[in-house]
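[1] here is my input; please provide its structure:
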Amino acid sequence: MFSLKTALLTALLAVPVLSAQMLPAPTQPAAPPPSTQQGLDALRSNQPQKALAILEQVLKANPNDAAANLLAASAALSLYKGDLAVHYAEKSQQLDPNNWKVHTTLVVAYAQAGLKEKRDRERAILHKLHDDPHAPDAMQTSGFLLDMFPVRQYHVDAVEYFHPVGQFHIYYHFVVRNAAGKPVYSIDAESNDFDEASWAKAHPDKAAAGERQFQLVGQSNGVEKDYGMFSGNADYDQVRDQIIGILQAQTVPFPGEK
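    Numbers count the residues shown, from 1 in each chain. Got it, this is the predicted structure:
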């Protein structure tokens with residue numbers, strides 16, 4: 001006789017056994033979307049390519065994120081992508097027109113992109129803000145980053161001061177970095193009073209017209225080197241060309257590289 005027990009056993013044996021391959025894969029938690037903070041962290045750790053990739057993902061989701069646009073411009077500058085930096089910096093300016101830091105980014109972006117007229121317009125804006133009591137952040141700074149450019153294996157940051165600083169009256173300060181971003185040398189364009197006094201006596205007409213005598217002085221680990229003098233005005237492009245010539249002629253490591 002076909003008992004109820006036999007029927008139940010037969011039914012159970014007919015149920016297919018599910019293998020591990022037949023089971024649905026466990027659901028993985030979704031990865032958090034990239035954030036502006038992650039882009040900033042990558043920038044701070046000297047990973048501009050990673051930072052730019054993160055920030056571009058952020059901007060795909062929210063193209064009107066002013067902070068992300070500004071940071072993306074900074075990342076592009078570190079990669080010497082001036083045109084791309086202009087794109088992001090100008091977008092940030094549209095979104096946050098009263099942020100003076102946008103101007104400090106735009107001036108470098110225009111410099112890298114070779115847009116000298118726009119660069120100099122931003123320089124004039126920064127100088128005006130520095131003298132504006134309603135712009136306390138700008139007033140508290142002594143200068144601003146004007147340019148970033150590569151020369152051979154080096155990366156150069158060029159700083160312009162609002163007013164000459166120090167006892168030697170430094171107009172421009174160039175920081176020379178190695179591939180890892182470490183500062184290994186600096187070169188100042190300065191016009192000290194002692195040399196200026198004797199030069200003015202020898203060139204009274206030029207001095208009366210506002211020209212001065214300038215020196216280019218390099219320094220690293222307490223070691224100084226004079227790179228010569230030039231007369232005239234503190235023209236950035238003229239000084240920049242001389243700095244590039246100095247670095248191209250450097251045949252031994254700087255003291256800071258040893």
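[2] tell me the strands beside the top strand by length along the chain, with direction?
    Counting by DSSP state E, the longest strand found in the chain is strand 154-165. Strand 154-165 has the following strand partners under DSSP bridges: strand 143-151 (antiparallel), strand 170-177 (antiparallel).
[3] adding mean neighbour count and mean pLDDT, write those out as JSON lines.
    In this view, the C-beta of every residue, glycine as well, is placed from N, C-alpha and C. Output for the strands paired with strand 154-165, formatted as JSON lines (neighbours: other Cβ atoms under 10 Å; pLDDT from 0 to 100):
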{"stretch": "strand 143-151", "mean neighbour count": "19", "mean pLDDT": "97"}
{"stretch": "strand 170-177", "mean neighbour count": "21", "mean pLDDT": "97"}
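[4] dump those strands into JSON lines; add distance to Gln49 as well.
    Below are the strands paired with strand 154-165 laid out as JSON lines (distance: least, Cβ to Cβ, whole Å):
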{"stretch": "strand 143-151", "distance to Gln49": "15"}
{"stretch": "strand 170-177", "distance to Gln49": "17"}
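[5] run the chain-centre distance for the host helix or strand of Ala138.
    Secondary structure from DSSP states H and E places Ala138 in helix 136-139. Relative to its chain's centre, helix 136-139 lies at 20 Å (Cα atoms, centre = their mean, to the nearest Å).
[6] same check, this time on stretch 69-88
    So, by Cα atoms, centre = their mean, the centroid of stretch 69-88 is 8 Å from its chain's centroid.
[7] alright, I will stop here.
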